[in-house]
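> Build me a model from this:
(chains A and B)
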Amino acid sequence: MNHLAKLMRRSETAVFLIVLAIMIVIGLINPAFWQADNLFNLLRANVIIGIMALSVLIVMVSGGIDVSFPAFAAAAMYLTVLAMNAYGHEGVLLPFIGATLIGLLCGLANAFFIHTFRMIPLIVTLGSASVVRGLLLGLVGTSIVNIDRMPPALIAFGRSSLEIGGAKLSVMVFVYLGLAVLVWLLLTRTMTGRSIFAYGDDAESAKRVGFNTRRTVYVAYGLAGALAGFAGLLHASMIWLANPRDFVGYELDVIAAVVLGGASIFGGRGSVLGTLLGVFLLVLIKNSLIIMRIDNTWQGVVIGCVIVVATALTAWRDRKTLA
Amino acid sequence: MNKQFDLSRVINRDNNILQLILITVVIFAVMSWLEPTKFLRYYNFESISFIFPELGIVAIAMMLAMLTGGIDLSVIGIANLAGILAGVFFTKLLPGDPAAGMAGEIARVAAGVMLALGVGLVAGALNGLLITRAKITPILATLGTGQVFTGLCMVLTGGPAIVGFPAYWGLIGNGKLFGIAVPLLIFVAVAMVIAVLLTRTSFGLNLFLIGTNPRAAVFAGLKSDRMVLYSYMLSGTLAALAGIMLSGRTNAAKSDYGTSYLLQAVLICVLGGTNPAGGRGTVLGVSIAVIALMLLASGFQMMRFSNHLIDFIWGGFLLLVMVLNAFRNRA
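Numbering: from 1, shown residues only, chains lettered A, B, ... in the order given. Sure, this is the predicted structure:
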């Protein structure tokens, strides 16, 4: 009984129950929702936002916030696809490593500014996003790489799927879950992970108990950038085109998903499981508007309301635990 | 007390102002040197005087939120919502009557202005209540409401721009009074009112104290919540005013106008010596910063830099200024 009470108090449980309730309601309105095809599509739609949410989760646990990952993802994606075309590269391993490295470098630049000059993460990442996006569009180009010019290997990779019960489940879902497990292991099973939590909870205390806070900041933002870069290229391989203006406005959805998943914007709190559920909830709400025949101009209003309500609930919860 | 002493006192009070004036002069000199024929024309400065006030007012709105350690990411959403609601009012609710005389038209525009400012006030109050009552962090609260406001703009317009504002509305953004751009006059008036409000009233003093040390402010018995609420209401109203000027200048209102203003407003505040952590910031600093940036932008546009590269320069400039501030604070 005690275990059950403990389980009920966790925000993951709350999000899970909300997800379940919404799924049942949507299923009643439109039974087509429960078809394997639709569910698999829903999971597929989780992948990119989910990987980006893992990236934001790491930063948020460290007590920061990152609005630059959409720009980093776009830069990593576009540069890698252009390089693949220029060299006629056939594989996918090297490009993904390349995209991840581009993201990593951008993330380390964020960490440099944030740690060396003690700047506010929001303002640093606003600036770096503008710098990266401006350079990409201004110097590299603005033209979209369409499906006819996309590297075939990348498209083939993005198309790979498993046949389960007559419907196709994208393999990318497993890539996403694999990354989630890795981030979970890092955050909960390694000293580095503990240091990110400690730094987010109270930077000064973390320093005094002997954590290398410089390393912590670099690891958090570097990893976040790397995940964003990887997600960028994966996105291109899944939609078969590379648009340098892509991902505009993603920061809102992703931050909303992470906050929905119970992470605290003040740092020190957050879990991978909660984030996965938060992402699923957000994607569910977005996709269900279409399936429930609500005009999709309402999307922004609904997502905004979800952010406000979710953050109000988390703030209320935090106040209760403090009292 | 001689003049010399006075001057150094002013500079010491906010040594950022001197640095800012220096930056502005350098930008001005470099641009005049690079593009003497195009930059140093009356027309150039006149067009700047029409364009910069919107951005300047948005930046002042942002500064008000930053004074208490917050931020208002919904200013652009509020500005667009105000413009669009006014547009809906003019085109659907109260279409122009050709028979109405000048007085009728002016009354109609005045009603539209009131409506738009009211929208800003309500939107700002919503932000303030979410921050003070629901205790949501300003970043998340205004991120969420900004999304809601922009979403409402989408719902109201369905995507395309709303056009067909009355002629007098256009005067707010395009008109001239005594040979001076109306937006410039509005900006000067707003800047003076806000400056007086911040430096000469208890409201302003309260905001600075809350921003410097929120805990001490509570213990000192300040009505923190109410002051923060007022500051977001003021910020929302100013954002709506910027929306009126934007829709007046372009004679249109759209859900994604001015999105690049958000970053620029933050940049201007930081450049103008506002501390994003709260407690420091002046209207004068923000005003000089917006002029400096406008000179920079117009110079780069004359040199045919692409808009994307100008975005890059904004971002780079923001980081550079933060680095300079960090060094100065350390010294």
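> Tell me which residue of the stretch 151-300 of chain B lies closest to chain A.
For the stretch 151-300 of chain B, the residue positioned closest to chain A under C-beta to the nearest C-beta is residue B:151, at a distance of 2.6 Å. Bear in mind the C-beta positions are built from the backbone N, C-alpha and C, glycine included.
> OK, contacts around the closest residue to that residue other than its chain neighbours?
Ranked by C-beta to C-beta, 6 or more residues apart in numbering or on different chains and with sequence neighbours excluded, the top spatial neighbour of residue B:151 is residue A:300, at 2.6 Å. Shown in contact with residue A:300 (C-beta atoms under 8 Å, 6 or more residues apart in numbering or on different chains): B:147-148, B:150-152, B:154.
> Top of those by number of neighbours, please.
Neighbour counts for the contacts of residue A:300 peak at residue B:147, which has 27 neighbours (criterion: other C-beta atoms under 10 Å in any protein chain shown).
> Look up how far residue A:253 lies from it.
Residue B:147 sits 9 Å away from residue A:253, going by C-beta to C-beta, to the nearest Å.
> What are the contacting residues of stretch B:171-184?
Under the contact criterion C-beta under 8 Å, 6+ apart, stretch B:171-184 has outside partners B:46, B:49-51, B:53-54, B:113, B:185-186, B:244-251.
> redo that, cut-off 6 Å
Identification of contacts with stretch B:171-184 by C-beta atoms under 6 Å, 6 or more residues apart in numbering or on different chains yields B:49-50, B:53, B:185, B:244-245, B:248-249.
> buried ones in it?
The neighbour-count check on stretch B:171-184 (16 or more other C-beta atoms under 10 Å in any protein chain shown) flags B:172-175, B:181-184 as buried.
> From residue A:306, how far off is the residue of the stretch 201-323 of chain A found nearest chain B?
Each residue of the stretch 201-323 of chain A has a distance to chain B, by C-beta to the nearest C-beta, and the smallest belongs to residue A:300, at 2.6 Å. Using C-beta to C-beta, one gets 11 Å for the distance from residue A:300 to residue A:306.
> Just the element for the nearest residue to residue A:263 once chain neighbours are set aside, please.
In space, and not counting its chain neighbours, residue A:263 is closest to residue A:270: 3.0 Å by C-beta to C-beta, 6+ apart. If you go by DSSP states H and E, residue A:270 is not part of any helix or strand.
> how much space between residue A:270 and residue A:69?
Shown here: residue A:270 relative to residue A:69, a distance of 16 Å by C-beta to C-beta.
> Between the two, which has more neighbouring residues?
Neighbour tally, residue A:270 and residue A:69, criterion other C-beta under 10 Å: the higher count belongs to residue A:69, 32 against 27.
> Switch the contacts of residue A:300 over to a markdown table; also include pLDDT and secondary structure.
Rendered in a markdown table, the data for the contacts of residue A:300 read as follows (pLDDT from 0 to 100; DSSP: H, G, I helix; E, B strand; the rest coil):
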| residue | pLDDT | secondary structure |
| --- | --- | --- |
| B:147 | 86 | helix |
| B:148 | 90 | helix |
| B:150 | 88 | helix |
| B:151 | 86 | helix |
| B:152 | 89 | helix |
| B:154 | 85 | helix |
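> returning to what we had before: and the residue nearest to residue B:151, how far from residue A:307?
Taking C-beta to C-beta as the measure, residue A:300 falls 11 Å from residue A:307.
> Which pair in the contacts of stretch B:171-184 has the greatest spatial separation?
Distance extremes for the contacts of stretch B:171-184: the farthest pair is B:49 and B:244 at 17.2 Å, using C-beta to C-beta.
> Which residue of the two possesses the greater neighbour count?
Here residue B:49 and residue B:244 are set side by side on neighbour count (other C-beta under 10 Å), and the busier one is residue B:244, at 29 against 19.
> what ranges of the stretch 201-323 of chain A fall below the confidence cut-off?
The model of the stretch 201-323 of chain A has pLDDT under 70 over residues A:320-323.
> Could you list the contact residues of it toward chain B?
Listed as neighbours of chain B in the stretch 201-323 of chain A under the rule C-beta under 6 Å from any C-beta of the partner chain: A:252, A:265, A:297, A:300-301, A:303-304, A:307-308, A:311-312, A:315.
> again, 7 Å this time
Within the stretch 201-323 of chain A, the residues that sit near chain B (C-beta under 7 Å from any C-beta of the partner chain) are A:252, A:255, A:259, A:265, A:297-301, A:303-305, A:307-308, A:311-312, A:315, A:319.
> Now, of the residues you listed, which are buried?
If you count burial by 16+ other C-beta under 10 Å, the buried members of those come out as A:252, A:255, A:259, A:265, A:297, A:299-301, A:303-305, A:307-308, A:311-312, A:315.
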